[in-house]
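Student: sequence and predicted structure, then a few things I'm wondering about:
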Amino acid sequence: MASRYIGAIDQGTTSTRFIIFDETGAIVALERREHAQIYPKPGWVEHDAAEIWRNALDCVAGSLEKSGLRPGDLAAVGIANQRETCLIWDKASGLPLHNALVWMDTRTEQAVAALARERGADCLRAKTGLPLATYFSALKLAWLLEQTPGARERAQDGEVLFGTIDSWLIWNLTGGAKSGLHVTDATNASRTQMMNLATLQWDEEILDLFGIPRACLPEIRSSSEVYGHCAAHSASILAGVPIAGALGDQHGALLGQARLRPGDAKNTYGTGCFMLMNTGTEPRVSSNGLITTLGYKLGGAAPVYALEGSVAIAGALVQWLRDNLGLIRESHEIEALARSVEDNGDVYFVPAFSGLYAPRWRGDARGIVAGLTRHSNKGHIARAALEATAYQTREVLAAMEGDAGVAVAELRVDGGMTDNELLMQFQADILERPVTRPAMIETTALGAAVAAGLAVGFWRSLEDIALHGGAERRWTPQMARAESARLIASWEKAVQRSLGWRD
């Protein structure tokens, strides 16, 4: 009997999940594990890659147990992952040589500034679609090679390997130190700032610029193909199952939301906020502070490109209020706390913990709370924290419409924060247009499952599956235009006060 299910590892910034989907794209089982957030210094953010690998296996085991399925019931497994987070590991032992450097880590800011002064902040945009920023992986890798004793020399000999988290998981799943495949997909490679968008290959001039040995880099493959099979000795619970798809998480959501035509856009509300617009088979250069990225590449088909606006801190701000300030005990409590007040009390929270990403790209910005008075309380701060995500999303959407030359009639959304009714209503109000959430909000994992399913013939085409199951919830604007304009103007004042904090 043919396998009737597809598995997807959804490896995010704060947790790892394994989700099993059936032929209709419905969820059969889901298991989730959080991993530690490590902050060695202000602005530095790390993950223990070994913990992520253990969690991935635990999640697979948990989902299979919940569903009563066996590995043979899975036609394939796909992977979606936090994108620019990267690490190096010893090829012989399989052990990481340093904690993974997370996408929001800012330790490379001096290197970014020096290179920007020398060559200009947009010196690599023509080839990679990306500005110089701490966000991307290349300078993180340069830092790891420089700071880890002997790593550069061993990397030149291929004894030390580099990868984003998709590469790390695929390498371990297919045998690790004994037989692991060292590959990455083109969407993840596009976020390293080392891949040429035209060729979908590592660019030798850029490697020379960053001092990156070619021998340590993975092979770039499409987002949908059989990379290899899970090995019995490293991932026995999935032994023999094909690994057949990989996408950066936001690219997975683009596919999972069925944003398949030029002009289709989606916004994912997770640790950060990421809006992508499908621009078709030709990359489009932004003139409004967005980045050009690969959308996805399905097997031998032509690559599909996208414009992206990235917001560094969205759900992470709620987590910060929980973990650092103790304002709430559980993340979901933020909505009730924000509803304890009628409005924001003229309080504005600019969460520039890692600087400001699109469309401003201001690495010198840092987080501030503005407008505090004796009247202000924790409810106002909670409300301001939620509203910050909506303001930042509005800026990105305006930039995207400016680049595309078309208005987005309604914003398609997904991600964990879309469960927050207060935030979604405020988002519609501040955008002055409807916000629509699909019935299936696990679109990141669904995109990875679809990529894997297409590669093994589980689905014959994207039209074979109702990828998003239609709209499940729609919010329409209710706020007076004068009030939204007032709020936006105050937000702009707060942003201006966050700039220039770092020299």
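Tutor: Nice, thanks for sending it over.
Student: tell me where the stretch 201-350 of the chain has strands.
Tutor: 201-202, 219-221, 224-229, 242-248, 265-269, 273-280, 291-296, 304-311, 348-350 (DSSP state E, counting those that start in this stretch).
Student: before we move on, what about the stretch 1-150 of the chain?
Tutor: Going by DSSP E, counting those that start in this stretch, the stretch 1-150 of the chain shows strands at 5-11, 15-21, 27-34, 46-47, 74-81, 86-90, 100-101.
Student: among those strands, which is nearest T192?
Tutor: T192 lies closest, by C-beta to C-beta, to one member of the strands of the stretch 1-150 of the chain: strand 86-90, at 7.4 Å. Heads up, the C-betas are built off the backbone N, CA and C, glycines and all.
Student: and the closest one, C-alpha only, in PDB?
Tutor: Extracted in PDB, the C-alpha atoms of strand 86-90 (Å, rounded to 0.1, in the frame of the first residue of the first chain):
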ATOM      1  CA  CYS A  86      24.200  29.000  11.100                       C
ATOM      2  CA  LEU A  87      26.900  26.800  12.600                       C
ATOM      3  CA  ILE A  88      30.100  25.000  11.900                       C
ATOM      4  CA  TRP A  89      30.800  21.400  12.900                       C
ATOM      5  CA  ASP A  90      33.500  18.700  12.900                       C
END
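Student: just the mean pLDDT for it, thanks.
Tutor: Confidence over strand 86-90 (mean pLDDT, whole number) is 97.
Student: just the buried positions in that strand, please.
Tutor: Neighbour counts using 16 or more other C-beta atoms under 10 Å place C86, L87, I88, W89 of strand 86-90 among the buried residues.
Student: distance to G68 added to those, as CSV?
Tutor: Output for the buried residues of strand 86-90, formatted as CSV (distance: C-beta to C-beta, whole Å):
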residue, distance to G68
C86, 37
L87, 35
I88, 39
W89, 35
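Student: ok, so of these, who is nearest T187?
Tutor: For those, the nearest to T187 is C86 (14.3 Å; C-beta to C-beta).
Student: residue contacts, that closest one?
Tutor: Residues in contact with C86 (C-beta atoms under 8 Å, 6 or more residues apart in numbering) are A100, L101, S137, K140, L141, L144, F162, G163, T164, I165, T192.
Student: if you set the cut-off to 6 Å instead, what comes out?
Tutor: Counting by C-beta atoms under 6 Å, 6 or more residues apart in numbering, C86 touches S137, K140, T164.
Student: okay, it and G94: tell me how far apart.
Tutor: From C86 across to G94, the span is 17 Å (C-beta to C-beta, to the nearest Å).
Student: give me the phi and psi angles of G12.
Tutor: With angles defined as degrees, to the nearest 10, G12 sits at phi -100, psi -170.
Student: please apply the same query to A409.
Tutor: Per degrees, to the nearest 10, the backbone of A409 is at phi -70, psi -40.
Student: that one: neighbouring residues, count only.
Tutor: 8 (other C-beta atoms under 10 Å).
Student: for it, give me the pLDDT.
Tutor: Reading off the model, A409 has pLDDT 86.
Student: likewise for A385?
Tutor: 96.
Student: three-state assignment of it?
Tutor: Assigned by DSSP: H, G, I helix; E, B strand; the rest coil, the conformation of A385 is helix.
Student: separation between it and L130?
Tutor: Taking C-beta to C-beta, one finds A385 at 28 Å from L130.
Student: on that earlier part again, hey, which of the strands of the stretch 201-350 of the chain is tucked in deepest?
Tutor: strand 242-248 (a mean of 30; mean count of other C-beta atoms under 10 Å).
Student: which strands and helices sit next to that strand?
Tutor: Judged by 3 or more C-beta pairs under 6 Å, 6 or more residues apart in numbering; DSSP states H and E, the packing partners of strand 242-248 are strand 74-81, helix 165-173, helix 186-189, strand 224-229, helix 443-455.
Student: dump those to JSON lines, plus distance to E330.
Tutor: Output for the helices and strands packed on strand 242-248, formatted as JSON lines (distance: least, C-beta to C-beta, whole Å):
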{"stretch": "strand 74-81", "distance to E330": "25"}
{"stretch": "helix 165-173", "distance to E330": "26"}
{"stretch": "helix 186-189", "distance to E330": "32"}
{"stretch": "strand 224-229", "distance to E330": "37"}
{"stretch": "helix 443-455", "distance to E330": "22"}
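Student: and the ones you listed, which is most packed in?
Tutor: The most buried one of these (mean count of other C-beta under 10 Å) is helix 443-455, showing a mean of 31.
Student: now do it against strand 27-34, angle only.
Tutor: Inter-element angle recorded for helix 443-455 and strand 27-34: 120 degrees (by axes from the mean of the first three to the mean of the last three C-alpha atoms, to 10 degrees).
Student: only alpha carbons, please: show the very next helix or strand once past helix 443-455 as CSV.
Tutor: Sequence order places strand 471-475 as the next helix or strand after helix 443-455, per DSSP states H and E. In CSV, the C-alpha atoms belonging to strand 471-475 read as follows (Å, rounded to 0.1, in the frame of the first residue of the first chain):
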residue,chain,number,x,y,z
ALA,A,471,-10.2,31.8,4.7
GLU,A,472,-11.0,30.9,8.3
ARG,A,473,-11.1,34.4,9.9
ARG,A,474,-11.3,37.9,8.4
TRP,A,475,-10.8,41.2,10.2
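Student: so which residues of the stretch 101-250 of the chain form helices?
Tutor: All helices of the stretch 101-250 of the chain, identified by DSSP state H, counting those that start in this stretch, fall at 109-119, 125-128, 138-147, 151-156, 165-173, 186-189, 204-210, 249-256.
Student: now distance to I20 and mean pLDDT too, for the ones you listed, in a markdown table please.
Tutor: Converted to a markdown table, the helices of the stretch 101-250 of the chain look like this (distance: least, C-beta to C-beta, whole Å; pLDDT from 0 to 100):
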| stretch | distance to I20 | mean pLDDT |
| --- | --- | --- |
| helix 109-119 | 41 | 93 |
| helix 125-128 | 35 | 93 |
| helix 138-147 | 33 | 96 |
| helix 151-156 | 37 | 94 |
| helix 165-173 | 16 | 97 |
| helix 186-189 | 23 | 97 |
| helix 204-210 | 39 | 96 |
| helix 249-256 | 15 | 92 |
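Student: among those, which is nearest I79?
Tutor: Once the helices of the stretch 101-250 of the chain are compared by C-beta to C-beta, helix 165-173 is nearest, at 5.2 Å.
Student: compute the inter-axis angle for the closest one and strand 15-21.
Tutor: 70 degrees.
Student: how far is helix 165-173 from where the chain is centred?
Tutor: When distances are taken as C-alpha atoms, centre = their mean, to the nearest Å, helix 165-173 is centred 17 Å away from the chain's centroid.
Student: other SSEs contacting that helix?
Tutor: strand 74-81, strand 183-185, strand 242-248.
Student: for the second one, packing partners?
Tutor: The elements that strand 183-185 packs onto, with contact taken as 3+ C-beta pairs under 6 Å, 6+ apart, are helix 165-173, strand 219-221.
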